[in-house]
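J.: One predicted model, sequence on top.
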Amino acid sequence: MTRVYGWACVSGLLLSVGVACAAETNLLSFAYTVSLTPEAATPDPLVRRLNDGLWTDIAAHGVRFAGDVTITLDLGSRVLLTNVEARTFSAVEAGTWATAGVTLEVSADGASWVALGGLSAEGGGVFKGSMFYACVRYLRVTCARQAGAAGQILGEIVVHGEAENASGLHAFSYTTSVPFFSGAHTDGSLNKLYDGLWTNASNQSVQYGPSNMETVDPDTPGYAIASNVTVTVDLGSEQTVSRAHLYAFRSNTSNGYVTARVILSNSLDGVSWNVAGEQEVYETFYANAVRFDFLLPNTEARYWAFVCLKGERTDVPRQLLGEIQLTGPSLQPVVGEPLLFTYTIAAQVAGFGEKTDQPPRLTDRTWDHVVENGVRVVGDSEILADLGAAQRVAGARLYVWGPTKYSSTNKWYGTRRVLIEASTDSQSWTEVADLTEKTGMYFDTVFTNKPFARYLRLSCEMCDDEPDKDFENQIFGELLIFQPQVSVIGAAPVEVAGAIPFAGFESDPLLDPALIVKGGTVNGWAFSYTDADHYAGYQINGSTVSGGSILPRYAAPEGSQTAVLMGVASMETQVTVPVDGCYGLRFEMINATLNDRYLKGPYDFRVLLDGVEVEVVMVMNQAYVQREVLLPRLSAGTHALRFDGLNSRQLTGWGVLIDRLRLLHYAMRAEQVAQQGAGMVFMADSWRPLALSYDGAIRVGALWVESVLQPTGKHGEATYPAVFSGPGGIIGFGRGTMIMLR
């Protein structure tokens, strides 16, 4: 892609992606053909006059056509498209010459075309269209001559945009586990989930399952109920993926279409698969479109599988999928993982739902119900987030509801503005964002200067600029604060197979429905039992601690069973470590529920290894989240792993469900390190620990140990034994340590 600054034209058609940067305009070159030969007076033998950047002189720059004409553009590769211009001339000489209208079609392969509609007449012969949400290679611009006119005169087609790879979007092919429904929303070319179009269910979706229950036939391909649709994506080679999106359409009515949950997995070879995440929470867009968003560490894989699960309604037979996007490292600002933090809210109102006067509703990772997951405040309000320690912050997102009228009163609720400030001491504040526009249901920002802060203060203003609406409240759903992405060698750890017994808590046979095993020694684990409120054990989906039958989002992320830790209790096993090195203990967790839709508050437990506390973990989520505990210096052999329930708030009937325990080994071979050049950064982070080996000494350009800059030089075990394990080894270290090669 050629980047051109200012208003210059590399080629004729103008494509825009998202919101264009004010200081930079990206104009894309293209080749084109025309459906009608130009008039002899204005030939175009080089097929260049409609993309030469010149359109100001009708005689020198205009191309005359005696009728309607279609210009087909080939951009050379897929681009992100949101804006197209056609510039025309009008003349009265030997009849009238004028263009009546311009329409646009797009295609990924030059064969299957999707109509995006007409361009708006801006006056002066300019036709313009924007916000098409397309990622395509081919365009068809059809210009219709004015009725009764002798013809039309075209000056330029201008395309503004950005090459697909500059945005980090990966190209791919895909297959599905079930055929699409042949009666509607078909996908014969297997390209509709990759055509960049997802905002119109009628012509930009693929339907799986029949349109109504009356035509369900489990023996006919495409007519069975679409309970499980797996889309397997092939990137063609191993690629780095940092984010994944699946767009679907939702109509939760009889004979509607619902995608309720998406499980994402990846594979290097298409045979051995790793689960990368699971989402029941989705972002809502207009036109019934929803997005399942997966934030991932930079993960190397060739194959990705999206398992799309239909909702539980028995009168809904189908799913409508719109688009899949896999994003790698981008030139654009991209945030990293969400950070853990605590918060307080000013002017908070109790009695809305339940327990809204206490955190952690804004950090429970759920915002799908305005009453059950919302926090209502009166008037303007302020959220103070405490990250626990000063660190770089990459961005923030606040989910809100409204502006909407209450169904039972004439009052309204809504948020019109969010001002974000940062501070290291909660005394001196610096403005980092002033947000007045929402994206969907959230205010979202990326901090380009990555402020160093412990506290973020969000001043939220209630809507009050519409006199005919009586606004009274704001309702907040969730607050996410993101850390920056970091460049880390060794970011893809290797799971140690068989290191943890009964790691998925799947017994053989499975437990009876709704059963909980409390206490005892089972499959290598010792579970404690004191009473009905204080015990450890394991349970199957649908038990009283996993929502019963009313909360399917509490279903085990792997299989059907999870461990359960309630009140003050413990569970212990032996972990087998194959070699000395840096390890991480990764698991997924969610608050236990006792058939309760509401969070009672945070539950804490600690992880111990060989009787030594490694970390205290706080769980306050109504959706499964992944957590990793760093085990930086483990020796080969057997170690005692223990989870102790603390329940510091002494809440009755409160605990955690734990599943998918894995021991991960972080290591890089010397030959992989040797491939890294000057400026390569190794950065320690609690989510991405680091261990690598290397030959000889590393020439270090910059070394921070626990956020303190050290002298430049050759470093090893003799200088910093806490970081370097010689000869030729770097072991896991804590946040705030960074190495940059010279």
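T.: Great, that's in hand.

J.: okay but E613 is in contact with V629, surely?
T.: No - E613 lies out of contact with V629 (CB atoms under 8 Å); the separation is 10.6 Å. For the C-beta atoms, the positions are set from N, CA and C on the backbone; glycine is no exception.

J.: which residues do the two both contact?
T.: Common neighbours of E613 and V629, counting by CB atoms under 8 Å, 6 or more residues apart in numbering, are V607.

J.: Looking at the two, which is more packed in?
T.: Each of E613 and V629 has its neighbours counted (other CB atoms under 10 Å); V629 has more, 19 against 11.

J.: Ramachandran coordinates for that one?
T.: phi -110, psi 120 (degrees, to the nearest 10).

J.: ok, now which ones touch it?
T.: 584-586, 607, 614-615, 617.

J.: ok, these vs V126, which is closest?
T.: Checking the contacts of V629 against V126 with CB to CB, the nearest one is R586 at 55.6 Å.

J.: what's near enough to touch that closest one?
T.: Contacts of R586 (CB under 8 Å, 6+ apart): 626-629, 660-664.

J.: for L510, same thing?
T.: With CB under 8 Å, 6+ apart, L510 has these contacts: 540, 560-561.

J.: ditto for T576
T.: Counting by CB under 8 Å, 6+ apart, the residues that T576 touches are 496, 498-499, 637-638.

J.: now R48
T.: Contacts of R48 (CB under 8 Å, 6+ apart): none.

J.: Tell me the buried residues within the contacts of L510.
T.: Neighbour-count burial (16 or more other CB atoms under 10 Å) is assigned, among these, to 540, 560-561.

J.: just these: which has the poorest pLDDT?
T.: Note: of the buried ones among the contacts of L510, the lowest pLDDT belongs to S560, at 88.

J.: Could you chop this structure up by domain?
T.: Dividing the chain into domains by automatic domain parsing, as the record does, gives the ranges 31-164, 173-331, 337-484, 494-666, 670-741.

J.: so which of the contacts of V629 comes closest to A144?
T.: Closest to A144, out of all of the contacts of V629 and judged by CB to CB, is R586, at 59.3 Å.

J.: so what's the closest one bridging to?
T.: E628, R662 (DSSP bridges).

J.: of the contacts of T576, buried ones?
T.: Judged by 16+ other CB under 10 Å, buried ones among the contacts of T576: 496, 499.

J.: Neighbours of the closest residue to G379 other than its chain neighbours, how many?
T.: Nearest residue to G379 in three dimensions, chain neighbours excluded: M462, at 5.5 Å (CB to CB, 6 or more residues apart in numbering). Around M462 there are 22 other residues, counting by other CB under 10 Å.

J.: Okay, and the beta partners of M462?
T.: T415.

J.: And it, how close does it get to G388?
T.: 30 Å (CB to CB, to the nearest Å).

J.: do L594 as well
T.: 29 Å.

J.: related to what we said a few turns ago, any chance of a markdown table for the contacts of V629, columns secondary structure, pLDDT and distance to V393?
T.: Converted to a markdown table, those look like this (DSSP: H, G, I helix; E, B strand; the rest coil; pLDDT from 0 to 100; distance: CB to CB, whole Å):
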| residue | secondary structure | pLDDT | distance to V393 |
| --- | --- | --- | --- |
| G584 | strand | 82 | 23 |
| L585 | strand | 91 | 26 |
| R586 | strand | 89 | 24 |
| V607 | strand | 95 | 26 |
| V614 | strand | 86 | 26 |
| E615 | strand | 84 | 22 |
| V617 | strand | 87 | 22 |
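
J.: Can you tell me which of these lies closest to G110?
T.: R586 (44.8 Å).

J.: burial measure for the nearest residue to A640 once chain neighbours are set aside, as a count.
T.: Excluding the flanking residues, the one nearest A640 by CB to CB, 6+ apart is D610, at 5.3 Å. Other residues lying near D610 total 12 when counted by other CB under 10 Å.

J.: for Y603, same thing?
T.: Y603 has 26 nearby residues by other CB under 10 Å.

J.: Just give the nearest non-adjacent residue to D464, would you?
T.: F471 (5.3 Å).

J.: how much space between the one you found and S381?
T.: F471 is 13 Å from S381, by CB to CB.

J.: Quick one: low-confidence residue ranges for the stretch 51-200 of the chain.
T.: Across the stretch 51-200 of the chain, residues meeting the criterion (pLDDT under 70) sit at 82, 130-135, 162-168.

J.: the helices in it, which residues?
T.: 58-61 (DSSP state H, counting those that start in this stretch).

J.: Tell me the buried residues in stretch 339-348?
T.: Buried, per 16+ other CB under 10 Å, within stretch 339-348: 339, 341, 343, 345, 348.

J.: same check, this time on stretch 220-229
T.: 222-226, 229.

J.: Run through who's touching it.
T.: Taking CB under 8 Å, 6+ apart as the rule, stretch 220-229 contacts 176-182, 208-210, 215-218, 307-310, 317-319, 321.

J.: residue with max distance from the center of the protein?
T.: A94 (58.2 Å; CA atoms, centre = their mean).

J.: That one touches G151, doesn't it?
T.: No - the criterion here is CB under 8 Å, and A94 misses it with G151 at 9.7 Å.

J.: Please list all residues in contact with S182.
T.: With CB under 8 Å, 6+ apart, S182 has these contacts: G222.

J.: Please report how far the residue nearest to the spatial centre of the chain lies from L264.
T.: Per CA atoms, centre = their mean, the C-alpha nearest to the average position across the chain is that of D293, at 3.2 Å. As judged by CB to CB, D293 and L264 stand 10 Å apart.
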